[in-house]
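**Q** One predicted model, sequence on top.
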Amino acid sequence: MKWGYFICTTVIVALIFIFEWKKMKSAPKEDQIGFVLLLLLAWIFSLFNLQQMAGPITWVEALFKPFEKYM
């Protein structure tokens, strides 16, 4: 993990939250929860190196590899 990317992403997410939360205070509770959850989900996904991760087919193969002799 490159810590510079992590710190920059965290600062950007914090700035988005600070500036947008002023507008979100008058929004319904469901919208506020959705905003926070989407922002948190995007921040969590940014922590993973998704360009270098294997695709879903590789994960399925790794999951079923132990059962190969039984199938």
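**A** Right, received. Where do you want to start? Remember, it's a predicted structure, so these values are computed and weren't measured experimentally. Numbering: from 1, shown residues only.

**Q** burial of Lys25, as a residue count?
**A** Here the number of neighbours of Lys25 (other Cβ atoms under 10 Å) works out to 7. For glycine as for every other residue, the C-beta is placed from the backbone atoms N, C-alpha and C.

**Q** how far away is it from Gln32?
**A** 8 Å (Cβ to Cβ, to the nearest Å).

**Q** Same question for Phe64.
**A** Phe64 is 41 Å from Gln32, by Cβ to Cβ.

**Q** Check Phe17 too.
**A** Taking Cβ to Cβ as the measure, Phe17 falls 11 Å from Gln32.

**Q** Glu20 touches Leu38, doesn't it?
**A** No - counting by Cβ atoms under 8 Å, Glu20 stays clear of Leu38, with 11.0 Å between them.

**Q** Give me the residue ranges of the protein where confidence is low.
**A** Judged against pLDDT under 70, the low-scoring parts of the chain cover residues 1, 49-53.

**Q** do that again at 80, thanks
**A** 1-3, 47-56, 59, 71 (pLDDT under 80).

**Q** quick one: the residue nearest in space to the middle of it and Leu39, what's the gap?
**A** Most central in the chain under Cα atoms, centre = their mean is Phe45, positioned 2.4 Å from the mean C-alpha point. Using Cβ to Cβ, Phe45 is found at 11 Å from Leu39.

**Q** cool, Glu61 as well?
**A** With distances taken as Cβ to Cβ, Glu61 is found 33 Å from Leu39.

**Q** Compare those two (neighbour count), which wins?
**A** A direct count of neighbours by other Cβ under 10 Å for Glu61 and Leu39 places Leu39 higher, at 16 against 11.
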